[in-house]
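sharing a model that was predicted from the sequence below.
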Amino acid sequence: MAEEAISTAILTVATIIAALVLVNAMYPSLYSASGSILSMNNRAAERIMTDMTVLTEWYPPGHAEGDIALEAWVKNTGSTTVTETDLSHVDLFLYTGNGMSARIPAADWSHELLNGDGDKNWDPTETMHLLIHYDPTGSNKGAWRLRIALPDGIYAEDSFTYAG
Amino acid sequence: MAQNVISTAIIIIASVIAVVALINGVFPTIYQMSGSMTSVSDASNDRMKTEIKIICESANQTSYSLNVYVKNTGDRKMAEAYVGKTDVYFGTEASMSRCNRVGGANPAWRYSIMDGNSDTNWDPGETLNIWVVTADHDFNVPGQRVKIVLYNGISAEDTFTL
């Protein structure tokens, strides 16, 4: 009777120790993997809900030499808010024909939010007005494209004609 | 009675010794296994949180060079040392070749972070400009192809016609 109790106790203790060791070994990995999956899932969900449309472009026909002063209007047609911080990571590209394109440095463009609620975030339905300074010297006339890319990699573009 | 007590005591001592011997034998293996699992799990997490997207390419036929703009769309900040371990492949859909870092033979590449926060890390949301210079590549041929492979094997590629 006593032997049975002792051996049962020893086996129980050994089983508990083995279980603890296994849990200790696996739990951190599982916990960490779960965090990564969740975080990337959130990013994917955000991307699905992000959308924008370039509405139109305009530049003054008699623009100053060396500065096209291109204006563009882009609407947030998604259901996510692009924060002020994210707006500082927006990229603008101009495709100027013949395979040439240029990234517009942050110092050469500015934006303002129209129809907004007064904050600095680009909320759904709000329109962003862009003013882009670009030197068109040496560029060909014809079909140009403006591409705007958000920090999550979503981009939109639109063509317009540059007539000089 | 005394024999019973003695034999029970011997059995208990033997059992304890056996359990200790078992733990000593198995524990290092389990500990090592745990280390391996953690290490593999860390690498796997790193890959899960890493994501990039090519958002634009532009070529300069005069200087036979190409700019590829790549966005860090993941959750992982990449230190300068890791960015330097990137592999860049460039060519056409028919054939691609690996680019050396600038200083080696063409095609060669170098990078810069565009409008970042002034540190040398490639943070989420920031854009990397990869400048590829070739010897005499014709960028006007349709079906240009570029592939960027990061230090952990995560890659992005794009086929484009300028």
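Everything's here; your move. Computed from a predicted model, the values in this text were never measured in an experiment.

from now on I want contacts and neighbour counts done on CA atoms only, so please keep to that.
OK.

residue B:27 is in what secondary structure piece?
helix B:2-49 (DSSP states H and E).

mean confidence for that helix?
Average pLDDT, helix B:2-49: 83.

check which helices and strands it sits against.
For helix B:2-49, the packing partners by 3 or more Cα pairs under 8 Å, 6 or more residues apart in numbering or on different chains; DSSP states H and E come out as helix A:2-49.

same for the helix it packs on, what does it pack against?
Partner elements for helix A:2-49 (3+ Cα pairs under 8 Å, 6+ apart): helix B:2-49.

between helix A:2-49 and the helix it packs on, find me the angle.
Per axes from the mean of the first three to the mean of the last three Cα atoms, to 10 degrees, the angle that helix B:2-49 makes with helix A:2-49 is 10 degrees.

neighbouring strands - and their directions - for the helix or strand following helix B:2-49?
For helix B:2-49, the following helix or strand on the C-terminal side (DSSP H and E) is strand B:52-60. When pairing is defined by DSSP bridges, strand B:52-60 lines up against strand B:65-72 (antiparallel).

any idea which helix or strand comes after the strand it pairs with?
Once the chain leaves strand B:65-72, the next helix or strand it forms, by DSSP H and E, is helix B:80-83.

buried stuff in that next one?
For helix B:80-83, the neighbour count (16 or more other Cα atoms under 10 Å in any protein chain shown) marks residue B:83 as buried.

any regions of chain A where pLDDT drops low?
A:1 (pLDDT under 70).

got the residues of it near chain B?
Contact residues, chain A versus chain B (Cα under 8 Å from any Cα of the partner chain): A:3, A:6-7, A:10, A:14, A:21-22, A:25-26, A:28-29, A:32-33, A:36-37, A:39-40, A:43, A:86, A:89, A:91, A:93, A:98-102, A:105-106, A:149-153, A:155.

what distance separates the start and the end of stretch B:87-104?
Across stretch B:87-104, the terminal residues are separated by 14 Å (Cα to Cα, to the nearest Å).

pull the distance from it to the chain's centre.
19 Å (Cα atoms, centre = their mean, to the nearest Å).

now swap in stretch A:149-162 and tell me
Remark: stretch A:149-162 is offset 12 Å from the chain centroid, using Cα atoms, centre = their mean.

surely residue A:80 meets residue A:123?
Yes - using Cα atoms under 8 Å, residue A:80 makes contact with residue A:123 at a distance of 6.9 Å.

thinking again about what came up before, tell me the buried residues within the residues of chain A next to chain B.
Buried, going by 16+ other Cα under 10 Å: A:10, A:14, A:25-26, A:29, A:32-33, A:36, A:39-40, A:43, A:86, A:89, A:91, A:93, A:98, A:100-102, A:106, A:149-153, A:155, out of the residues of chain A next to chain B.

show me which of residue A:80 and residue A:123 is the more surrounded one.
residue A:123 (22 against 18; other Cα atoms under 10 Å in any protein chain shown).

against chain B, how distant is the more buried one?
18 Å (Cα to the nearest Cα, to the nearest Å).

any idea how far that residue lies from residue A:46?
Residue A:123 is 14 Å from residue A:46, by Cα to Cα.

tell me, what's touching those two both at once?
Counting by Cα atoms under 8 Å, 6 or more residues apart in numbering or on different chains, the contacts common to residue A:123 and residue A:46 are residue A:80.

three-state assignment of residue A:112?
Following DSSP: H, G, I helix; E, B strand; the rest coil, the label given to residue A:112 is strand.

not counting sequence-adjacent ones, nearest residue to it?
Using Cα to Cα, 6 or more residues apart in numbering or on different chains and skipping the chain neighbours, the partner closest in space to residue A:112 is residue A:129 (5.3 Å).

how's the chain carved up into domains?
Since you didn't name a chain, this refers to chain A. Residue ranges for the domains of chain A, per automatic domain parsing: A:1-49, A:51-162.

please go with chain B instead
B:1-49, B:51-160.

of those, give the one that comes closest to residue A:53.
With respect to residue A:53, and counting by Cα to Cα, the nearest of the domains of chain B is domain B:51-160 at 16.3 Å.

first-to-last residue distance for the closest one?
Start-to-end, domain B:51-160 (Cα to Cα) is 20 Å.

stretch A:79-89 now?
Stretch A:79-89 has its terminal residues 19 Å apart, counting by Cα to Cα.

list the buried residues of that stretch.
Residues A:79, A:80, A:81, A:82, A:86, A:87, A:88, A:89 are the ones in stretch A:79-89 that count as buried (16+ other Cα under 10 Å).

report the contact partners of the fourth one.
Right, the one you point to is residue A:82. A:121, A:122, A:123.

off-centre distance for stretch B:38-52?
8 Å.

who's in contact with that stretch?
A:25, A:28-29, A:32-33, A:36-37, A:39-40, B:70-76, B:152-156.
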